[in-house]
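# from the sequence below, what's the structure:
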Amino acid sequence: MSVKIELDYEGELHTNAKHPSGAVLATDAPLDNEGRGEAFSPTDLVATALGSCMLTIMGIVARRHDWPLEGSRVSVEKVMVAKPERRIGRLGVSFEMAPGIPEDARAVLERAAHSCPVCKSLGDAVEIEAEFHWA
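Numbering: from 1, shown residues only. All right, here's what the predicted structure looks like:
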């Protein structure tokens, strides 16, 4: 499957990304890299993609088993490093899981989270630490 995202440079380090569905997402360079920090930075989108992908894959598995995942939340802390080059060094992922998820589902859902395509795409280039807090 292929998806083509169109991006326009608006000036002043801002871009607008257009999804084929019509959804638009604005980006800005972060404050620590000459931007104004008025929108997601490109590396913020990587962190966002990881959290969203992990929850989505967990949602697919939960739906197949009729486990109640609604109300679960994730926060992702992005840590940049400067050496040997500016890049994402670590993504700390913290899940707050909704109540009502059976105990025997927990390990299955945690494995599902770690199998998400974004996690696999980042590989060993970025340290990913995930913690799960079960209600």
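
# what about Gly89, which SS state?
strand (DSSP: H, G, I helix; E, B strand; the rest coil).

# that one contacts Glu127, doesn't it?
Yes. Shown here, Gly89 and Glu127 form a contact pair, counting by C-beta atoms under 8 Å, at 6.5 Å. Quick note: C-beta positions are derived from backbone N, CA and C, even for glycine.

# next, count neighbours for Ala130.
Using other C-beta atoms under 10 Å, Ala130 has 18 other residues around it.

# next one: it from Met58, what distance?
Look at Ala130 and Met58: by C-beta to C-beta, to the nearest Å, they are 11 Å apart.

# also Ile101?
Per C-beta to C-beta, Ile101 is found 10 Å from Met58.

# what do these two both touch?
Each of 69, 72, 109 lies in contact with both Ile101 and Met58 under the rule C-beta atoms under 8 Å, 6 or more residues apart in numbering.

# which neighbours do Ala130 and Met58 have in common?
By C-beta under 8 Å, 6+ apart, the residues touching both Ala130 and Met58 are Ala113.

# for Asp8, which non-adjacent residue is spatially closest?
Using C-beta to C-beta, 6 or more residues apart in numbering and skipping the chain neighbours, the partner closest in space to Asp8 is Asn16 (5.1 Å).

# next, the one you found: secondary structure please.
Using three-state DSSP, the structure places Asn16 in strand.

# so it makes contact with Glu10?
Yes. Taking contacts as C-beta under 8 Å, Asn16 lies within contact range of Glu10: 6.0 Å.
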